[in-house]
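Enquirer: With the sequence up front, the predicted model follows.
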Amino acid sequence: MPETSRRPHLLALSLGGTITMTASAAGGIAPTLGAADLVAAVPALAEIAEIEARSPFRVGSSSLTLANIAEVAAEIRAAFADGVDGALVIQGTDTIEETAFALDLMVRDDRPVVVIGAMRGPQQPGADGPANLLAGAIVAASPEARGLGTLVVLNDEIHAARYVRKGHSALTSAFVSDNGGPLGLVVEGRARLFSRVGPLDLPDLLPARGATADIDLPPVALVKIGMGDDGRLLPALPGLGYRGAVIEGAGAGHVPGVMAEAVGALAGEMPVVLASRTLGGPVFECTYGYPGSEIDLIARGVLPAGLLSALKARLTLVLALKAGFPREAVAGVFAAFR
Ligand code: ASP
(Lines give C-alpha, C1' and ligand atoms only; values in the text may rest on other atoms or scores of the structure.)
Protein backbone atom coordinates (compact mmCIF):
# COMPACT_ATOMS: atom_id res chain seq x y z
CA MET A 1 0.00 0.00 0.00
CA PRO A 2 1.54 3.39 -0.90
CA GLU A 3 2.44 5.51 2.15
CA THR A 4 0.00 8.27 1.08
CA SER A 5 -2.99 5.96 1.58
CA ARG A 6 -2.12 4.79 5.09
CA ARG A 7 -5.01 4.92 7.52
CA PRO A 8 -4.72 7.68 10.11
CA HIS A 9 -3.49 6.54 13.52
CA LEU A 10 -5.72 7.46 16.44
CA LEU A 11 -5.27 7.06 20.16
CA ALA A 12 -8.53 6.17 21.97
CA LEU A 13 -8.61 6.66 25.73
CA SER A 14 -11.67 5.56 27.68
CA LEU A 15 -12.42 7.07 31.08
CA GLY A 16 -15.76 5.39 31.82
CA GLY A 17 -19.26 6.85 31.51
CA THR A 18 -22.59 5.47 30.31
CA ILE A 19 -21.00 4.39 27.03
CA THR A 20 -18.97 1.82 29.04
CA MET A 21 -21.70 0.81 31.51
CA THR A 22 -23.41 -2.56 31.77
CA ALA A 23 -25.80 -4.06 34.33
CA SER A 24 -24.28 -4.09 37.78
CA ALA A 25 -24.98 -6.66 40.53
CA ALA A 26 -25.66 -3.71 42.85
CA GLY A 27 -28.47 -2.51 40.55
CA GLY A 28 -28.43 0.01 37.72
CA ILE A 29 -25.51 0.25 35.34
CA ALA A 30 -21.84 0.86 36.15
CA PRO A 31 -18.60 1.22 34.14
CA THR A 32 -17.22 -2.14 33.02
CA LEU A 33 -16.08 -1.85 29.40
CA GLY A 34 -12.76 -0.43 28.22
CA ALA A 35 -11.73 1.30 25.02
CA ALA A 36 -10.71 -1.98 23.33
CA ASP A 37 -14.22 -3.46 23.95
CA LEU A 38 -15.89 -0.36 22.52
CA VAL A 39 -13.67 -0.28 19.44
CA ALA A 40 -14.18 -4.01 18.81
CA ALA A 41 -17.95 -3.51 18.83
CA VAL A 42 -17.82 -1.13 15.84
CA PRO A 43 -16.17 -2.96 12.91
CA ALA A 44 -16.65 0.06 10.60
CA LEU A 45 -13.94 1.85 12.60
CA ALA A 46 -11.35 -0.29 10.83
CA GLU A 47 -12.11 1.57 7.59
CA ILE A 48 -11.55 4.94 9.24
CA ALA A 49 -8.36 4.56 11.23
CA GLU A 50 -5.90 2.34 12.99
CA ILE A 51 -6.85 2.76 16.63
CA GLU A 52 -4.73 2.18 19.69
CA ALA A 53 -7.09 1.64 22.62
CA ARG A 54 -6.20 2.40 26.24
CA SER A 55 -8.45 2.58 29.31
CA PRO A 56 -6.92 4.79 31.98
CA PHE A 57 -10.13 5.19 34.06
CA ARG A 58 -13.46 3.40 34.54
CA VAL A 59 -15.60 5.87 36.46
CA GLY A 60 -18.78 7.88 36.25
CA SER A 61 -17.64 11.21 34.87
CA SER A 62 -18.70 13.19 37.93
CA SER A 63 -15.81 11.42 39.72
CA LEU A 64 -13.20 12.63 37.21
CA THR A 65 -10.88 15.35 38.47
CA LEU A 66 -8.91 18.04 36.71
CA ALA A 67 -5.76 16.18 37.79
CA ASN A 68 -7.08 13.07 35.96
CA ILE A 69 -7.64 15.17 32.85
CA ALA A 70 -4.15 16.67 33.13
CA GLU A 71 -2.88 13.07 33.00
CA VAL A 72 -5.00 12.39 29.93
CA ALA A 73 -3.72 15.60 28.30
CA ALA A 74 -0.11 14.55 28.98
CA GLU A 75 -0.80 11.10 27.47
CA ILE A 76 -2.28 12.69 24.34
CA ARG A 77 0.65 15.09 24.02
CA ALA A 78 3.08 12.18 24.27
CA ALA A 79 1.14 10.29 21.58
CA PHE A 80 1.17 13.37 19.33
CA ALA A 81 4.93 13.63 19.85
CA ASP A 82 5.09 10.00 18.64
CA GLY A 83 3.19 10.89 15.46
CA VAL A 84 -0.44 9.96 16.19
CA ASP A 85 -2.88 11.82 13.90
CA GLY A 86 -5.70 12.43 16.36
CA ALA A 87 -7.07 11.47 19.75
CA LEU A 88 -10.43 10.19 20.92
CA VAL A 89 -11.48 10.53 24.54
CA ILE A 90 -14.43 8.34 25.55
CA GLN A 91 -16.16 9.26 28.79
CA GLY A 92 -19.35 10.09 30.64
CA THR A 93 -21.42 12.94 29.31
CA ASP A 94 -22.07 14.61 32.67
CA THR A 95 -18.75 16.48 32.69
CA ILE A 96 -17.81 16.48 28.99
CA GLU A 97 -18.21 20.26 28.76
CA GLU A 98 -15.54 20.60 31.46
CA THR A 99 -13.12 17.86 30.47
CA ALA A 100 -13.19 18.82 26.78
CA PHE A 101 -12.47 22.44 27.65
CA ALA A 102 -9.70 21.43 30.06
CA LEU A 103 -8.12 19.33 27.29
CA ASP A 104 -8.39 22.35 24.99
CA LEU A 105 -6.36 24.37 27.51
CA MET A 106 -3.79 21.65 28.10
CA VAL A 107 -3.15 19.83 24.80
CA ARG A 108 -2.57 22.75 22.39
CA ASP A 109 -1.91 20.90 19.12
CA ASP A 110 -3.31 21.31 15.61
CA ARG A 111 -4.35 17.69 15.55
CA PRO A 112 -7.91 16.95 16.65
CA VAL A 113 -8.82 15.81 20.12
CA VAL A 114 -12.41 14.57 20.03
CA VAL A 115 -14.40 13.78 23.16
CA ILE A 116 -17.40 11.48 22.88
CA GLY A 117 -19.82 9.68 25.15
CA ALA A 118 -23.32 8.26 25.02
CA MET A 119 -26.66 9.05 26.60
CA ARG A 120 -27.80 5.40 26.51
CA GLY A 121 -25.86 2.40 27.82
CA PRO A 122 -24.66 -0.30 25.41
CA GLN A 123 -27.39 -2.73 26.56
CA GLN A 124 -30.24 -0.26 26.04
CA PRO A 125 -32.36 -0.25 22.87
CA GLY A 126 -31.15 2.52 20.56
CA ALA A 127 -27.74 2.71 22.26
CA ASP A 128 -25.99 5.75 20.78
CA GLY A 129 -22.44 4.85 21.84
CA PRO A 130 -21.40 2.97 18.68
CA ALA A 131 -22.65 5.74 16.35
CA ASN A 132 -20.97 8.42 18.48
CA LEU A 133 -17.71 6.46 18.53
CA LEU A 134 -17.76 6.10 14.75
CA ALA A 135 -18.63 9.78 14.21
CA GLY A 136 -15.94 10.82 16.71
CA ALA A 137 -13.32 8.72 14.91
CA ILE A 138 -14.33 10.20 11.56
CA VAL A 139 -13.79 13.71 12.97
CA ALA A 140 -10.55 12.81 14.77
CA ALA A 141 -9.17 11.34 11.52
CA SER A 142 -10.32 14.25 9.41
CA PRO A 143 -7.81 16.86 8.14
CA GLU A 144 -10.62 19.49 8.12
CA ALA A 145 -10.91 19.13 11.90
CA ARG A 146 -7.32 20.26 12.43
CA GLY A 147 -6.75 23.60 14.07
CA LEU A 148 -10.06 23.58 15.97
CA GLY A 149 -8.66 22.43 19.30
CA THR A 150 -10.72 19.98 21.27
CA LEU A 151 -14.10 19.01 19.83
CA VAL A 152 -17.12 17.20 21.26
CA VAL A 153 -19.03 14.88 18.93
CA LEU A 154 -22.40 13.43 19.88
CA ASN A 155 -25.61 12.94 17.92
CA ASP A 156 -23.58 13.53 14.71
CA GLU A 157 -22.92 17.14 15.75
CA ILE A 158 -19.44 18.63 16.08
CA HIS A 159 -19.11 21.17 18.91
CA ALA A 160 -16.21 23.40 19.96
CA ALA A 161 -15.05 22.61 23.49
CA ARG A 162 -15.19 26.26 24.51
CA TYR A 163 -18.93 26.61 23.73
CA VAL A 164 -20.46 23.18 24.26
CA ARG A 165 -22.56 22.24 27.26
CA LYS A 166 -24.85 19.43 28.28
CA GLY A 167 -28.31 20.95 28.04
CA HIS A 168 -30.53 17.95 28.81
CA SER A 169 -30.30 15.08 31.26
CA ALA A 170 -31.79 12.38 29.03
CA LEU A 171 -32.01 13.03 25.28
CA THR A 172 -29.43 11.85 22.75
CA SER A 173 -29.54 15.46 21.49
CA ALA A 174 -28.39 16.69 24.91
CA PHE A 175 -25.42 18.73 23.72
CA VAL A 176 -25.75 22.34 22.62
CA SER A 177 -23.41 25.22 21.81
CA ASP A 178 -25.05 28.43 22.93
CA ASN A 179 -23.01 31.00 21.09
CA GLY A 180 -23.37 30.03 17.46
CA GLY A 181 -24.41 26.38 17.47
CA PRO A 182 -22.33 23.37 16.47
CA LEU A 183 -19.38 23.86 14.11
CA GLY A 184 -20.55 21.10 11.83
CA LEU A 185 -22.05 17.65 11.34
CA VAL A 186 -20.98 14.15 10.43
CA VAL A 187 -23.04 13.14 7.42
CA GLU A 188 -22.53 10.19 5.06
CA GLY A 189 -19.31 9.30 6.81
CA ARG A 190 -17.71 12.71 6.41
CA ALA A 191 -17.05 15.60 8.78
CA ARG A 192 -18.70 18.72 7.34
CA LEU A 193 -17.59 21.90 9.05
CA PHE A 194 -19.77 24.96 8.55
CA SER A 195 -17.82 27.29 10.80
CA ARG A 196 -14.53 27.33 12.67
CA VAL A 197 -13.17 28.69 15.93
CA GLY A 198 -9.85 30.51 16.06
CA PRO A 199 -6.88 29.14 17.99
CA LEU A 200 -6.83 29.93 21.71
CA ASP A 201 -4.46 32.85 22.25
CA LEU A 202 -3.22 31.60 25.62
CA PRO A 203 -0.07 30.31 27.25
CA ASP A 204 0.33 26.57 27.66
CA LEU A 205 -1.65 25.64 30.79
CA LEU A 206 -0.62 21.99 31.20
CA PRO A 207 0.63 21.78 34.80
CA ALA A 208 4.30 20.87 34.97
CA ARG A 209 4.64 17.13 35.03
CA GLY A 210 5.94 15.43 38.10
CA ALA A 211 3.86 12.83 39.80
CA THR A 212 0.90 13.99 37.71
CA ALA A 213 -1.54 11.66 39.45
CA ASP A 214 -0.82 13.45 42.72
CA ILE A 215 -0.95 16.83 41.13
CA ASP A 216 -1.99 19.41 43.64
CA LEU A 217 -4.35 21.93 42.07
CA PRO A 218 -5.47 25.08 43.84
CA PRO A 219 -9.13 24.91 44.90
CA VAL A 220 -11.44 27.43 43.23
CA ALA A 221 -14.97 27.93 44.57
CA LEU A 222 -17.99 28.24 42.31
CA VAL A 223 -20.76 30.41 43.73
CA LYS A 224 -24.06 30.67 41.89
CA ILE A 225 -26.13 33.73 42.77
CA GLY A 226 -29.82 33.32 43.55
CA MET A 227 -32.32 36.13 44.05
CA GLY A 228 -32.07 37.59 47.56
CA ASP A 229 -28.69 36.00 48.34
CA ASP A 230 -26.86 38.10 50.93
CA GLY A 231 -23.40 36.67 50.20
CA ARG A 232 -22.77 35.26 53.68
CA LEU A 233 -20.80 32.37 52.17
CA LEU A 234 -18.15 34.62 50.64
CA PRO A 235 -16.14 35.67 53.73
CA ALA A 236 -15.77 31.96 54.64
CA LEU A 237 -14.01 31.02 51.40
CA PRO A 238 -10.40 32.03 52.26
CA GLY A 239 -10.59 30.17 55.57
CA LEU A 240 -11.80 27.05 53.74
CA GLY A 241 -8.60 27.05 51.71
CA TYR A 242 -9.98 28.38 48.44
CA ARG A 243 -7.40 30.24 46.33
CA GLY A 244 -9.87 31.77 43.88
CA ALA A 245 -13.59 32.05 43.21
CA VAL A 246 -15.97 32.22 40.29
CA ILE A 247 -19.24 34.03 40.82
CA GLU A 248 -22.04 32.98 38.47
CA GLY A 249 -24.07 36.17 38.47
CA ALA A 250 -27.52 36.88 37.10
CA GLY A 251 -28.08 38.31 33.63
CA ALA A 252 -25.05 40.10 32.26
CA GLY A 253 -23.11 39.43 35.50
CA HIS A 254 -24.98 40.91 38.45
CA VAL A 255 -25.32 40.18 42.16
CA PRO A 256 -27.69 41.66 44.76
CA GLY A 257 -26.47 45.11 45.83
CA VAL A 258 -26.14 43.94 49.44
CA MET A 259 -23.50 41.44 48.31
CA ALA A 260 -21.29 43.85 46.41
CA GLU A 261 -19.09 44.76 49.36
CA ALA A 262 -18.44 41.10 50.24
CA VAL A 263 -17.53 40.39 46.61
CA GLY A 264 -15.09 43.30 46.63
CA ALA A 265 -13.55 42.16 49.93
CA LEU A 266 -13.06 38.68 48.50
CA ALA A 267 -11.48 40.09 45.34
CA GLY A 268 -8.98 41.83 47.62
CA GLU A 269 -7.92 38.42 48.95
CA MET A 270 -7.98 36.17 45.87
CA PRO A 271 -8.80 36.34 42.14
CA VAL A 272 -12.59 36.48 41.67
CA VAL A 273 -14.02 35.88 38.20
CA LEU A 274 -17.52 36.89 37.13
CA ALA A 275 -19.57 34.70 34.76
CA SER A 276 -23.23 34.71 33.77
CA ARG A 277 -25.79 32.14 34.83
CA THR A 278 -27.69 32.77 31.56
CA LEU A 279 -25.15 30.50 29.74
CA GLY A 280 -25.47 32.48 26.51
CA GLY A 281 -23.74 35.74 25.61
CA PRO A 282 -20.84 37.44 27.36
CA VAL A 283 -20.61 38.97 30.80
CA PHE A 284 -20.95 42.71 30.33
CA GLU A 285 -18.24 45.16 31.29
CA CYS A 286 -19.50 48.70 30.80
CA THR A 287 -23.30 48.95 30.72
CA TYR A 288 -24.91 48.80 34.19
CA GLY A 289 -23.78 51.10 36.95
CA TYR A 290 -25.83 50.23 40.08
CA PRO A 291 -24.53 48.46 43.21
CA GLY A 292 -23.87 44.80 42.36
CA SER A 293 -23.76 45.48 38.60
CA GLU A 294 -20.85 44.47 36.40
CA ILE A 295 -19.34 47.99 36.40
CA ASP A 296 -19.52 48.06 40.20
CA LEU A 297 -18.02 44.56 40.60
CA ILE A 298 -15.24 45.13 38.07
CA ALA A 299 -14.35 48.38 39.87
CA ARG A 300 -14.09 46.29 43.04
CA GLY A 301 -11.50 44.06 41.36
CA VAL A 302 -13.55 41.25 39.81
CA LEU A 303 -12.39 39.83 36.45
CA PRO A 304 -15.03 39.30 33.73
CA ALA A 305 -15.10 35.78 32.22
CA GLY A 306 -16.17 36.94 28.74
CA LEU A 307 -18.03 34.17 26.96
CA LEU A 308 -16.86 31.43 29.30
CA SER A 309 -19.43 29.64 31.41
CA ALA A 310 -18.76 29.58 35.14
CA LEU A 311 -17.76 25.90 34.92
CA LYS A 312 -15.16 26.63 32.27
CA ALA A 313 -14.01 29.82 34.00
CA ARG A 314 -13.39 27.78 37.16
CA LEU A 315 -11.10 25.31 35.34
CA THR A 316 -9.27 28.18 33.65
CA LEU A 317 -8.67 29.90 36.98
CA VAL A 318 -7.40 26.68 38.59
CA LEU A 319 -4.86 26.19 35.80
CA ALA A 320 -3.81 29.87 35.72
CA LEU A 321 -3.25 29.81 39.49
CA LYS A 322 -1.36 26.53 39.22
CA ALA A 323 0.86 28.16 36.59
CA GLY A 324 1.65 30.85 39.17
CA PHE A 325 0.37 33.72 37.04
CA PRO A 326 0.25 37.13 38.69
CA ARG A 327 -3.07 38.97 38.71
CA GLU A 328 -2.48 40.81 35.38
CA ALA A 329 -1.65 37.53 33.63
CA VAL A 330 -4.80 35.90 35.07
CA ALA A 331 -6.81 38.86 33.74
CA GLY A 332 -5.12 38.40 30.38
CA VAL A 333 -6.16 34.76 30.22
CA PHE A 334 -9.82 35.70 30.70
CA ALA A 335 -9.51 38.60 28.25
CA ALA A 336 -8.88 35.97 25.55
CA PHE A 337 -12.53 34.89 25.90
CA ARG A 338 -14.15 38.35 25.60
N1 ASP B 1 -24.94 10.00 32.62
C2 ASP B 1 -23.55 9.92 32.42
C3 ASP B 1 -23.16 9.59 31.01
O4 ASP B 1 -23.89 9.96 30.13
C5 ASP B 1 -22.77 9.21 33.41
C6 ASP B 1 -21.41 9.81 33.43
O7 ASP B 1 -21.27 10.98 33.08
O8 ASP B 1 -20.47 9.10 33.69
O9 ASP B 1 -22.16 9.00 30.72
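Expert: All right, it came through fine.
Enquirer: what about A26, which SS state?
Expert: coil (DSSP: H, G, I helix; E, B strand; the rest coil).
Enquirer: Any idea how many residues pack against it?
Expert: The criterion is other CB atoms under 10 Å. On that basis, A26 has 6 neighbouring residues. (Each C-beta comes from the backbone N, C-alpha and C, glycine too.)
Enquirer: Could you do the one 3 residues further on as well?
Expert: Neighbouring residues of I29 were enumerated by other CB under 10 Å; the total is 17.
Enquirer: Could you do the one 4 residues further on as well?
Expert: With neighbours defined by other CB under 10 Å, the count for L33 comes to 22.
Enquirer: Show the model's pLDDT score for whichever residue of the chain sits closest to the ligand.
Expert: Nearest residue of the chain to the ligand, counting by CB to the nearest ligand atom: G92, 2.0 Å away. Model confidence at G92, given as pLDDT, is 98.
Enquirer: thinking it is in contact with I116, fair?
Expert: No - using CB atoms under 8 Å as the test, G92 is too far from I116 to be in contact (10.7 Å).
Enquirer: Mutual contacts of those two, please.
Expert: Common neighbours of G92 and I116 (criterion: CB atoms under 8 Å, 6 or more residues apart in numbering): I19.
Enquirer: Neighbour count: those two, which is higher?
Expert: Neighbour count, other CB under 10 Å: between G92 and I116, I116 has more, with 31 against 24.
Enquirer: Relative to V153, how far out is that one?
Expert: Here I116 is placed at a distance of 5 Å from V153 (CB to CB, to the nearest Å).
Enquirer: got any residues that touch both of the two?
Expert: With CB under 8 Å, 6+ apart, I116 and V153 have common neighbours N132, A135, G136.
Enquirer: ok, the second one to G189 distance?
Expert: According to CB to CB, A135 and G189 sit 9 Å apart.
Enquirer: again with P271
Expert: Using CB to CB, we find P271 at a distance of 46 Å from G189.
Enquirer: okay, the two: which has more neighbours?
Expert: P271 (23 against 11).
Enquirer: does the more buried one really touch G244, like I thought?
Expert: Yes - if you go by CB under 8 Å, P271 and G244 touch, sitting 4.5 Å apart.
Enquirer: name the element the closest residue to G167 other than its chain neighbours belongs to?
Expert: In this structure, G167 finds its nearest non-sequential neighbour in V176, 4.2 Å apart by CB to CB, 6 or more residues apart in numbering. Using DSSP states H and E, the element containing V176 is strand 175-177.
Enquirer: Right, I'll call it a day here.
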